[in-house]
Each structure stands twice: as structure tokens, then as C-alpha cells.
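> kindly return the folded structure for what I paste below:
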Amino acid sequence: RAVWSGVPRGPPERALAQAVDATLRSGRGAVVCVPDVSDVARADAAFRDVLGPGRHVVLTADLGPSARYAAFLALARGQVRAVVGTRAAAFAPVHDLGLVAVWDDGDDLLAEPRAPYPHAREVLLTRAWDSGCAVLVGGHARTAEAQQLVASGWCASLTAPMARRRASWARLSIDAGAGALQAARIPGAAFAAVRAGLESGPVLVQVPRAGYRAALACQDCRTPARCAQCTGPLAQTGAGDVPRCRWCGTAAMDWACASCGGRRLRAPVAG
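Numbering: from 1, shown residues only. Take a look at the predicted model:
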């Protein structure tokens, strides 16, 4: 039984397929749960490549009643001993269970929103406890529940050495002058990098603060703009929006600087 921290940018589907292949070679069955249908599609392709055709079935709601029931019967009759699917696959009737695996167990999609609200991870762990089979709980980020399994001694921790993890992290170097970086919210080189990244996967853009103009000040004397009702800081959520107080929400329709009487606003910081 192991809690596995995946290597950044590593393909977890192939590793899961290799674990299932080892289980099938021992004559036992395997259940693998992933959060959504896109994860299932990638895992299905990896399973076909590693296991070969016809050695596993897929269980998702998108299959439709007929295909889903056919897959269920193939498992119940022992014709196939491996299944990969979304949270409902945790209940699949696999014969002689040898491995239960779940990837990204912190994803909310693995928790059933209807009573009795079972979580795929908890269902699989219960089946592992009853059958004595192997357990693999994987993810790029370790949940508190997974870490508790390690802390209790029930699961071992599988983590790549830090040097290997650092070598796998994505790196991007943007060569732009200081003037170009200050003139734009996001430099053109960064936009180009985002577009290139979207061709191979999702892109995360992280900013230091939220909002459009997170703080305002007088254009003439640089005094911070304050709300006339509660003296809270004013902010602007969009280019054509009226400045509002971040504390009480009052709109500053006719704002004037309390120090110099100026009516022009500037943004000392950008959101």
C-alpha cells in the first residue's frame, strides 16, 4: 500500500497502466478511479498501449446505459479484470481484486454529491481493507487524508528524489528589458509563452493581487483616495466602472481629494 507523489509533468496514466499490468500478470484484478472523463480518456489510451486491446473496460456516465451495462457484465462475469473510470467505477465488481488505485484523490469530482455521499478514495480503501489487496493513492499534490495514511503507517510514501522533481519542473526565461516589463501588465513575450503552453496543456497565470485597480490615489497630490462614508480605500473593478469603497461598497460618484480638492484618480498599484 502506497501514497505516490507524481513527478511534475510526468504522465501518471502510463504509470497506472504499468501497475495494472503487473496486477493482471499475477492473475488478479484492478480498479482505477480518476476524476473526470478527460482523465479517463487519457488513461484508456495508456491502458490500451500497455495492456493491449480487450484487457480492460471503461466505466463512465457518458458511455450510455447499454455500453455501461455491457462493461459491468464483462467485469461481473470475469471476462475482464481491469477497469478505469470515474467515481462510480470504485464499486465495479472486479473478481479477485489485487489493486485499487485512485489518482488526484483531492479532486471534488471523486466525492458523490448524493446521499450517502461516498468518496471514491474511501470506497477503494474499504475494499482494500476487506480484500487485503494493494493500494495506490496518487497525485501531484498530496491530500491531508493521503498523508494521514502514511503517518499512520498503513501506507508507504513513494516520492521521487528532490533532484529528479526539480529537473522535471517547467522553466521559462523571458528576455525583456526593464522598460518593457514596466510598461505592460503582461509583456508580449509572456503572452507568447502562454499561447505556446496552451498547445500542450493548461497554463496557470498567478498574480500578486486581484482586481483591476486595487487601490486609487489623487492624480495631483498622490494622497490615497478614501471613502467619504467610512474612510475605507477606494478601488475600481473595471475600466468604465465607478470607484467603490473596498470596505462598505459605497460608490464614489462625485469624489474629490480631501487634501487638494483634485478630481483625477490614478492607480498606484495594478491588480
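> lowest average confidence, helix or strand, in the chain?
Taking mean pLDDT, DSSP states H and E as the measure, the chain has helix 178-183 as its least confident helix or strand, at a mean of 53.
> so who does Val194 touch?
The contact partners of Val194, taken as C-beta atoms under 8 Å, 6 or more residues apart in numbering, are Val203, Val205. The C-beta positions use only the backbone N, C-alpha and C, and glycine is treated the same way.
> and it, how far from Ile186?
8 Å (C-beta to C-beta, to the nearest Å).
> which residues are in contact with both of the two?
In the contact map built from C-beta under 8 Å, 6+ apart, the residues linked to both Val194 and Ile186 are Val205.
> what secondary structure does Leu136 sit in?
State at Leu136, reduced to three classes by DSSP: H, G, I helix; E, B strand; the rest coil: strand.
> what sits closest to it if chain neighbours are left out?
For Leu136, the nearest residue in space outside its immediate sequence neighbours is Ala101; the separation is 4.0 Å by C-beta to C-beta, 6 or more residues apart in numbering.
> can you give me how far the helix or strand containing Arg195 is from the chain middle?
Under DSSP states H and E, the secondary-structure element containing Arg195 is helix 188-198. Relative to the chain's own centre, helix 188-198 is displaced by 21 Å; criterion: C-alpha atoms, centre = their mean, to the nearest Å.
> same check, this time on stretch 15-29
26 Å.
> average model confidence for that stretch?
Averaged across stretch 15-29, pLDDT comes to 96.
> low-confidence regions, the stretch 151-271 of the chain specifically.
174-185 (pLDDT under 70).
> quick one: the strands in the stretch 101-250 of the chain?
In the stretch 101-250 of the chain, the strands defined using DSSP state E, counting those that start in this stretch lie at 134-139, 156-159, 217-218, 234-235, 244-245.
> turn those strands into TSV, columns for distance to Arg263.
Below are these laid out as TSV (distance: least, C-beta to C-beta, whole Å):
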stretch	distance to Arg263
strand 134-139	53
strand 156-159	59
strand 217-218	9
strand 234-235	13
strand 244-245	16
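> any idea which of the ones you listed gets closest to Gly271?
When the strands of the stretch 101-250 of the chain are ranked by proximity to Gly271, the top entry is strand 234-235, at 7.9 Å, counting by C-beta to C-beta.
> and for that closest one, what's in contact with it?
Contacts of strand 234-235 from elsewhere in the structure, counted by C-beta under 8 Å, 6+ apart, are 211-216, 225-227, 243-246, 252, 255, 265, 271.
> tell me the buried residues within these.
Restricting the contacts of strand 234-235 to buried positions leaves 211, 213-216, 225-227, 243-245, 252, 255, 265, 271, with burial counted as 16 or more other C-beta atoms under 10 Å.
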